[in-house]
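*Asks:* when you get a sec, could you give me coordinates for this:
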Amino acid sequence: MTGKDIAMRPAKIHFITGLRPDFGGMPFNIVHMLAILSARITYPDHEIFVYYEHEPSGIWWDYARRFVTEVPTVAPTAVFGCPVRHFAHAADVLRLQLLIEHGGIYFDTDTMVCRPIADLPTDVVVMGLDAGSEHSAVGLSNAFIAAPPGAPFLRRWFDGYRDFDARDYVGHSVKLPHALAMAGEPGVRIMSRLAFCYPHNDARSLHNLFARSVDVRSSYSIHLWESVSWHYIAAITPEAIARADTTYNLLARAVLTHFPDSPASPKLWPVRIALDRASLPHAAIDRPAFWYVAFHDNDGAEVARLDADAGELARLAAMPGGELVIERAVPALQPPRSWTVWPTDRARRWLDPLRGQFAR
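*Replies:* Take a look at the predicted model:
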């Protein structure tokens, strides 16, 4: 196409899952739901399509499906007469077929969408460098592809599958598009590794993604690399997201604020702690700096900390009666089971803590 005949990328988003009955050993879970939800809030005007041969199940899919158009499909078993046996290779072929036919944006389900690509061109294919480590690029990542329908670059790439060889695991999905681009094939915009593939998939980078917090504000989306990070992903729960300030968890929390009714979103539980004024040391109510007020789950883990500041404590101390009552709305997935109140004095020195249980 040339001139006014050039197609533009449509407002469509594509996800693929369930091309094998066992989902490749990585069943639809909370991170896959969050991939869809993050796409929903980042691209509110786009229709989201989810393609599967074997439908996912469970609470995460039950919630995610509210926001998508489901498209039952048949996984490719061959391409140009070459057998396609691995589920990942079937997904590689299917995403190209979908984008050539429909155009739009393709995301892997182990993705977190961070910000829209509104500043990138809509009349060419957009991809990012695939980083095998922090310092080496092995090709172009197909975890994210944006393209207009019928994109010549995608057609040329797909044509390269005529000599598909499954023994080179990423030969056609990652290396081939990179080779085409480096050879001067037109119609593709290549973004840096920071755009769609940061943090990377080496051990240190995965630790930064799932166990530390690093700056990903330069990224349009991040890839979770589930084929090598499943030990991290399988351990992600709503409780873990709420407790640990990791790169992924901070992004997940921001998404969940838009979906307060999701099964991963905390609820607000009204609670009341009544303390016997006579049991408190005088220093605890004589113009204290603050009181530590925390709430715990069945295992004793802290689920929320909602301290009492000097102003609230002054109001409590001025109230008549023998009780000091602290009321809170505790954000947690389940009602808190116990509490800790740890007073300080006016010099911010810790006094003896008080602990108690909530009635079940």
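*Asks:* ok, now which ones touch the nearest residue to residue 173 once chain neighbours are set aside?
*Replies:* What sits nearest to residue 173 in space, not counting adjacent residues and going by Cβ to Cβ, 6 or more residues apart in numbering, is residue 92, at 4.2 Å. Glycine gets a C-beta too; all of them are placed from N, C-alpha and C. Each residue near residue 92 by Cβ atoms under 8 Å, 6 or more residues apart in numbering is listed here: 142, 172-173.
*Asks:* now, those residues that are in strands?
*Replies:* residue 142 (DSSP state E).
*Asks:* nearest to residue 272, of the contacts of residue 92?
*Replies:* residue 142 (54.0 Å; Cβ to Cβ).
*Asks:* looking at it, that closest one is touching residue 177, isn't it?
*Replies:* Yes. Assessed by Cβ atoms under 8 Å, residue 142 is found in contact with residue 177 at 7.2 Å.
*Asks:* mutual contacts of these two, please.
*Replies:* Applying Cβ under 8 Å, 6+ apart, one finds that residue 142 and residue 177 are jointly contacted by residue 127.
*Asks:* more crowded one of the two?
*Replies:* Applying other Cβ atoms under 10 Å to residue 142 and residue 177 shows that residue 177 carries more neighbours, namely 27 against 23.
*Asks:* and the next helix or strand past the host helix or strand of the more buried one?
*Replies:* Using DSSP states H and E, residue 177 maps to helix 176-182. On the C-terminal side of helix 176-182, the nearest following helix or strand under DSSP H and E is strand 188-191.
*Asks:* could you list every helix and strand in contact with whatever helix or strand comes next after that next one?
*Replies:* For strand 188-191, the following helix or strand on the C-terminal side (DSSP H and E) is helix 193-196. Here helix 193-196 touches strand 125-131, strand 137-147, strand 221-223, going by 3 or more Cβ pairs under 8 Å, 6 or more residues apart in numbering; DSSP states H and E.
*Asks:* could I get the ones you listed in CSV, plus columns for distance to residue 247 and mean pLDDT?
*Replies:* CSV is the format used below for these (distance: least, Cβ to Cβ, whole Å; pLDDT from 0 to 100):
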stretch, distance to residue 247, mean pLDDT
strand 125-131, 16, 91
strand 137-147, 17, 91
strand 221-223, 8, 97
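*Asks:* closest to residue 22 out of these?
*Replies:* Closest among the helices and strands packed on helix 193-196, once you apply Cβ to Cβ, is strand 137-147, at 21.0 Å.
*Asks:* which strands or helices does that closest one pack on?
*Replies:* helix 87-102, strand 104-107, strand 125-131, helix 152-159, helix 176-182, helix 193-196, strand 221-223.
*Asks:* which parts of that strand are buried?
*Replies:* 137, 139-147 (16 or more other Cβ atoms under 10 Å).
*Asks:* likewise stretch 207-222?
*Replies:* Buried, per 16+ other Cβ under 10 Å, within stretch 207-222: 207-210, 216, 219-222.
*Asks:* if I look at residue 101, how far off is residue 346?
*Replies:* Separation of residue 101 from residue 346 (Cβ to Cβ, to the nearest Å): 71 Å.
*Asks:* now do the helices in the stretch 201-350 of the chain.
*Replies:* For the stretch 201-350 of the chain, helices defined by DSSP state H, counting those that start in this stretch occupy the ranges 203-210, 226-233, 238-243, 247-256, 282-285, 310-318.
*Asks:* give me the distance from the first one to the chain's centre.
*Replies:* Taking Cα atoms, centre = their mean, to the nearest Å, one finds the center of helix 203-210 at 15 Å from the center of the full chain.
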